[in-house]
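Undergrad: Task: produce atomic coordinates for the following.
(2 chains, ligands or ions: 1)
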Amino acid sequence: MKDEITREERVDNLKGMGCSRKRVEDARFTQGKGNYVDDIKLDGMLFGDFVRSPYAHARIKSIDTAAALEVPGVLAVLTAADLEPLGLHWMPTLAGDKQMVLADGKVLFQGQEVAYVVAEDRYAAADGIEAVEVEYDELPVIVNPFESLKSDVVLREDLVAEDGSIPDGAHGPRKHPNHIFTWEAGDKDPTEEVIANAEVVATESMYYHRTHPCPLETCGCVASMDKVNGKLTLWGTFQAPHAIRTVVSLISGIEEHNIRVISPDIGGGFGNKVGAYPGYVCSVVASIVTGKPVKWIEDRMDNLMTTAFARDYHMTGKIAATPEGKITGLQCHVTADHGGFDACADPTKFPAGFMNICTGSYDIPTAHLSVDGVYTNKAPGGVSYRCSFRVTEAVYFIERMIEVLAIKLDMDAAELRRINFIKKEQFPYTAALGWEYDSGDYHTAWDKALKTVDYEGLRAEQAQRVEDFKAGKTRKLMGIGLSFFTEIVGAGPVKNCDILGLGMFDSCEIRIHPTGSAIARLGTISQGQGHATTFAQILASEIGLPADSITIEEGDTDTAPYGLGTYGSRSTPVAGAATAMAGRKIRAKAQMIAAYLLEVHDNDVEFDVDRFVVKGAPEKFKTMKEIAFAAYNQAIPGIEPGLEAVSYYDPPNMTYPFGAYVCVMDIDVDTGVPEIRRFYALDDCGTRINPMIIEGQVHGGLTEALAVALGQEIAYDDMGNVKTGTLMDFFLPTAWEVPNYETDFTVTPSPHHPIGAKGVGESPHVGGVPCFSNAVQDAFRPFGNTHTNMPHDHWRIWRTANELGLHG
Amino acid sequence: MIPAAFEYYRPKDIAGVLSILEEHGDDARVMAGGHSLIPMMKLRMADVPHLIDLQDVGGMSDITVGGDSIRIGAMVTQADIIDHEGLTTAAPILREAALQIADPQVRYMGTVGGNVANGDPGNDMPGLMQCLDAVFTVIGTDGERDIPARDFYEAAYMTAREDEEVLTAVTIPLPKGGWAYEKQKRKIGDYATAAAAVQIVKDGGTCAAASIAMTNLSDTPVYSEAASNALVGTAVDDAALGAAVAAMLGDIDPTEDNRGPVAFKNHVAGVILRRAIARAWSRA
Ligand SMILES: Cc1cc2nc3c(=O)[nH]c(=O)nc-3n(C[C@H](O)[C@H](O)[C@H](O)COP(=O)(O)OP(=O)(O)OC[C@H]3O[C@@H](n4cnc5c(N)ncnc54)[C@H](O)[C@@H]3O)c2cc1C
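TA: Modelled structure (predicted):
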């Protein structure tokens, strides 16, 4: 048989790894044909919505639902008293704390869920909410964690024993009623010694403000209890549908096989949709009570004010170095504001996430980190907004400390980074705070970045600009923002990563159909990342069937294998690895079938793109399509019919993507308006599956980084009122505010990942925030600035200029 | 973000509108583009049991550019203003300002009448109309009357228009000389941190006439006669700019909000005004 197309064409036909395959999801998304949770409409479906607390801290004297029940269309109003007999007025959080589902005697943050109104439609529910009468007794409000640790006001009476003692929390001893935990990594005494004896020490305090992921689609669910067969179906915006099923089972007592959780299309998650929220619990209860499906959908204000904030870290750092700039030690202390309940979404053993990646990309011999979690009268959450657990905080911290040290040393910050980078030959590298970095080539990436942007030229231009400014020739300063980040993603090894006791492996199950097409199901769930596109590409390369012939399905717990979901850039590192491994099982069986068909020994055939060929006789082959058919129509001795495989992958380590970013900014000192002139982003995410999708992810992550650095904030006043509860004040950039991004890459594969991929969806956010921030701060460096806190919105930039005396 | 229940009316003429307004008084309100009113209803900050949609009422959607004045119907949208060539030639500041309002989607719905009648200090057109010395025509059951834009605004959401009156048109004397609408905002679709509308007439090297109004720096738009006067008779040099800014600062009264504290707003108001004057002067 003569092959009609070239090998190259056969590779192209697969649209496998490395190809900028167009996203298969986009046909439906761009035509408005997606199926989101709010698109779900069931017969007799009811709507639930919350009465929310106007106060940040208050005791509830009474709740009167009588008038609400008179509102036409309102069927029921649930309060904590109704949930208590079911044991559902409180629920466990992912962080080992518990959280009120509905206010149980008091409220701890503005917007807290007080009662749940169930009605025939959303309009009646909204009218019902207005009619519920709640009497509050206001209590003193604490919005500052430092004050909280000194205050006599006890926020969580439930966590103080009757004799006034303070029982241990989920993460050990607590030193104050409003204290949640102390968590440490590294070596305290040696680090303090290094710092005490160092010739140069730079110290800085910085506040990483509270912000919020802002997916276009807010959180929501539809719960439907079928009382005839006892099955509960729960559709929702879940980033981890399988974990949600387990949680629902554990707290409701419904057996897991009777619960089906479905994540339909999800309009962005960014961490906001990882947690379990009162809306889910109340909708399930309401469906059980009424026997009808119940929908709950947040509006934008609910979303911004109540479900899962991000950051709110007060960080203090000390960095020690030699006069030449070699870093010798790093210390970091964090006071973490967790709000009224500790509902952080982190692996169980890591109450501050992977904050201990805060030594960054640098070879720092000694380090120590300690984190204190604190309760305040703010909304609970503490999710990883487009990052792996607390990695944005860690990278921001170290990338600011490097800049502060450069100022102290009067050194160029690019050069300071260069002399401290972990060297290529040091990988795998064990950092002072414990992580083992898998691979990296930082110097190559840094040099490429600096060369591409003509770093020296930029510094010369900046120096000229300073001269011109001082001479009164311009009112604009120029800032050069640098950042070099190392991420830690792909949680993670089951030996140290679990959530509620569930090991953080992931999974893939593949079925090859007789005609040579396939379906693969994974334990993850896309929220816009394009899994249906990229996972098919991994498989195409592994099993030699075209990506276009492979359906990827996720999110239905009745059909998909168990997995821990999508966040922390874990889909490709974990489920992507499972996909490759399951593909290899398919290939192994295909090899036996091919050998049988070609009448040779198993070891005499080898895989070649889309077929098995007889070694040394390439004209003798069976395509994967032929093999698939044979698997279903031939009785092959010693081989079961069919062609299926499943793999559960427990990664041996995390992956450590890295990158080098440069931002050039012009700042109008009179108005505080920054203008981003250039943004260059070099990402190394290991093996690249789909360059176009990588570029899209980088653009999106950088845009969210710009948002956070330049204005996106959840701000509270002293009374605990949220000042930024709508998109008028909560900064969500549009195409207009976003610069043209230049993307670039190097490739340093992960040595332990089956295809060498590391994950990229979050890198641009992690590396982007310090880069934008550093650009602003660098502009003011020649005038004496060492550090100013984000967000760098107009008035705060103006304030910096003002305080530095630049307004004459 | 769901409004309370309301009755919806869609009358065909002004008489129909006026009779509903008369019948329900305070409980009725007209809606033009709805892009200020509907958000307030959804937040339940505006309670409107009887909502009268003006979309089918004829005669309020024309732009007429005359020999010495321009008449803009109340239902003319911000997008219409941007697209109207004759208007842009006659009063280019209108287009420059309209392009800085909200975003294209909002501008297709938002009307001139709604923007000036709303009474929100954040709206851009009230200050613009004060700068242009526009006159608003309102009609009630007792007939029509004209109210100068400079006398229209009393406090936030309080205007000289009676509840039962409908604003039908805005009339502007043909503007002369150079123009500029300068606005600082945090992002597309945002209301002004500070905005300035400036018209300047140049005679030889001196300023013969000037008109200055500021937006979102008080609970009403601020027409600053003192700032305008500070320019007249000068060469619009640095000293004159300084005097105009100082005069303007005496007339505004900003409050702190998420855009920033008062000191910042005052500073930015001065910067924005200087830039607006400089640009208008360069075009005069
Ligand atoms: C996202 C967003 C951003 C925006 N940004 C800006 C901005 O930057 N600058 C800006 O100026 N505006 C902005 N707006 C407001 C927008 O321009 C509105 O469209 C405008 O303020 C009101 O016009 P409208 O036709 O929509 O009026 P409506 O919302 O229909 O009405 C507003 C008020 O005016 C009254 N009214 C309307 N027409 C009449 C009439 N003929 N007679 C008497 N009373 C009447 C109504 O009863 C109501 O009280 C923004 C709006 C949105 C949603």
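
Undergrad: contacts and neighbour counts: CA atoms only from here.
TA: OK.

Undergrad: Give the next helix or strand downstream of the helix or strand hosting A:Lys589.
TA: Element membership of A:Lys589 [criterion: DSSP states H and E] is helix A:577-598. Downstream of helix A:577-598, the next assigned helix or strand under DSSP H and E is strand A:605-608.

Undergrad: And the helices in the stretch 651-800 of chain A, which stretches?
TA: A:691-710, A:763-780, A:794-803 (DSSP state H, counting those that start in this stretch).

Undergrad: Please identify the most buried of those helices.
TA: helix A:763-780 (a mean of 30; mean count of other CA atoms under 10 Å in any protein chain shown).

Undergrad: Residues contacting the helix or strand of chain A with the lowest mean pLDDT, please?
TA: Every helix and strand in chain A was compared by mean pLDDT, DSSP states H and E; the lowest is strand A:498-499, with a mean of 88. Under the contact criterion CA atoms under 8 Å, 6 or more residues apart in numbering or on different chains, strand A:498-499 has outside partners A:Leu94, A:Asp346, A:Pro347, A:Thr348, A:Lys349, A:Met504.

Undergrad: Next, format those as CSV and append distance to the ligand.
TA: Listed next are the contacts of strand A:498-499 as CSV, based on distance: CA to the nearest ligand atom, whole Å:
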residue, distance to the ligand
A:Leu94, 36
A:Asp346, 36
A:Pro347, 39
A:Thr348, 41
A:Lys349, 44
A:Met504, 42
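
Undergrad: Adding pLDDT, write these out as a markdown table.
TA: Compiled in a markdown table, the contacts of strand A:498-499 are given as follows (pLDDT from 0 to 100):
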| residue | pLDDT |
| --- | --- |
| A:Leu94 | 90 |
| A:Asp346 | 91 |
| A:Pro347 | 91 |
| A:Thr348 | 90 |
| A:Lys349 | 91 |
| A:Met504 | 93 |
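
Undergrad: which other residues reach the helix or strand that the least confident helix or strand of chain A is followed by?
TA: The first helix or strand that comes after strand A:498-499 along the chain, using DSSP H and E, is strand A:502-503. Contact with strand A:502-503 is made by A:Ala243, A:Pro493, A:Val494, A:Lys495, A:Cys497, A:Leu564, as judged by CA under 8 Å, 6+ apart.

Undergrad: just checking, the last one touches A:Cys508?
TA: No. The pair formed by A:Leu564 and A:Cys508 falls short of the contact definition of CA atoms under 8 Å, at 11.8 Å.

Undergrad: Give me the common contacts of the two.
TA: Common neighbours of A:Leu564 and A:Cys508, using CA under 8 Å, 6+ apart, are A:Gly523.

Undergrad: Of these two, which one has the most company?
TA: Counted by other CA atoms under 10 Å in any protein chain shown, A:Leu564 and A:Cys508 do not tie: A:Cys508 has more neighbours, with 32 against 29.

Undergrad: Now name the helix or strand holding residue 55.
TA: Chain wasn't specified; assuming chain A. Going by DSSP H and E, A:Tyr55 is not in any helix or strand.

Undergrad: what about the nearest residue to it once chain neighbours are set aside, which SS state?
TA: Spatial nearest neighbour of A:Tyr55, excluding adjacent residues (CA to CA, 6 or more residues apart in numbering or on different chains): A:Gln110 at 5.0 Å. Of the three states, A:Gln110 takes coil under DSSP: H, G, I helix; E, B strand; the rest coil.

Undergrad: count of neighbours near A:Gln110?
TA: Here the number of neighbours of A:Gln110 (other CA under 10 Å) works out to 23.

Undergrad: Kindly report the residues of the stretch 51-200 of chain B close to the ligand.
TA: B:74, B:101-102, B:106, B:109-111, B:113-115, B:117-118, B:123-125, B:166-168, B:189-191 (CA under 6 Å from any ligand atom).

Undergrad: contacting residues around A:Leu83?
TA: Contact analysis of A:Leu83 by CA under 8 Å, 6+ apart lists A:His89.

Undergrad: Please report how far A:Met504 lies from A:Ile407.
TA: 41 Å (CA to CA, to the nearest Å).

Undergrad: can you list the weak-confidence ranges in chain A?
TA: Within chain A, the ranges that satisfy pLDDT under 70 run A:1-3.

Undergrad: In space, what's closest to the closest residue to the ligand within it - neighbours in sequence excluded?
TA: Nearest to the ligand in chain A, going by CA to the nearest ligand atom, is A:Met728, at a distance of 7.4 Å. Using CA to CA, 6+ apart and skipping the chain neighbours, the partner closest in space to A:Met728 is B:Asp190 (6.7 Å).

Undergrad: Same question for A:Thr746.
TA: In space, A:Thr746 is closest to A:Asp684, 5.1 Å off (CA to CA, 6+ apart).

Undergrad: For chain A, list the residues in contact with the ligand, please.
TA: Near the ligand, no residue belonging to chain A is found when assessed by CA under 6 Å from any ligand atom.

Undergrad: contacting residues around the nearest residue to A:Tyr716 once chain neighbours are set aside?
TA: Leaving aside its sequence neighbours, A:Tyr716 sits nearest to A:Val722 (CA to CA, 6+ apart; 4.6 Å). Applying CA under 8 Å, 6+ apart to A:Val722 gives the contacts A:Gln110, A:Met305, A:Ile714, A:Ala715, A:Tyr716.

Undergrad: So which of those residues is the closest to A:Asn740?
TA: Nearest to A:Asn740, judged by CA to CA, of the contacts of A:Val722 is A:Ile714 at 27.0 Å.

Undergrad: That closest one contacts A:Cys214, doesn't it?
TA: No. Using CA under 8 Å, A:Ile714 is not in contact with A:Cys214, being 11.3 Å away.

Undergrad: shared neighbours of those two, anything?
TA: The contact sets of A:Ile714 and A:Cys214 overlap at A:Leu304 (CA under 8 Å, 6+ apart).

Undergrad: looking at it, B:Gly270 is touching B:Leu241, isn't it?
TA: No. Between B:Gly270 and B:Leu241 there is no contact under CA under 8 Å: 9.4 Å.

Undergrad: Quick check: residues of chain B near chain A?
TA: Residues of chain B found near chain A (CA under 8 Å from any CA of the partner chain) are B:1-4, B:186-188, B:190, B:258-261, B:264, B:267-268, B:271.

Undergrad: how is the chain carved up into domains?
TA: I'll assume chain A. Chain A resolves into domains spanning A:7-34+A:506-649, A:37-141+A:218-266+A:274-306, A:309-491+A:654-803 when parsed by automatic domain parsing.

Undergrad: The intended chain is chain B.
TA: B:7-53, B:63-173, B:178-283.

Undergrad: hang on, B:Val30 in a strand?
TA: Yes. Assigned with three-state DSSP, B:Val30 falls within a strand.

Undergrad: mind checking how far it is from chain A?
TA: As for B:Val30, its distance to chain A is 22 Å (criterion: CA to the nearest CA, to the nearest Å).

Undergrad: which residues touch that residue?
TA: Contacts of B:Val30 (CA under 8 Å, 6+ apart): B:Val17, B:Leu51, B:Ile52, B:Asp53, B:Leu54, B:Val166.

Undergrad: now swap in A:Ser361 and tell me
TA: Neighbours of A:Ser361 in contact, by CA under 8 Å, 6+ apart: A:Phe421, A:Ile422, A:Tyr442, A:Phe484, A:Phe485, A:Thr486.

Undergrad: Wait, B:Ala276 touches B:Gln184, no?
TA: No. If you go by CA under 8 Å, B:Ala276 and B:Gln184 don't touch, sitting 11.2 Å apart.

Undergrad: what does stretch A:789-802 contact?
TA: Against stretch A:789-802 from outside (CA under 8 Å, 6+ apart): A:206-209, A:669-674, A:708-713, A:773, A:776, A:780, A:788, A:807, B:186, B:259-261, B:264.

Undergrad: Show me the residues you listed that map onto strands.
TA: Judged by DSSP state E, the contacts of stretch A:789-802 include A:Met206, A:Tyr207, A:Tyr208, A:His209, A:Val673, A:Pro674 as members of strands.
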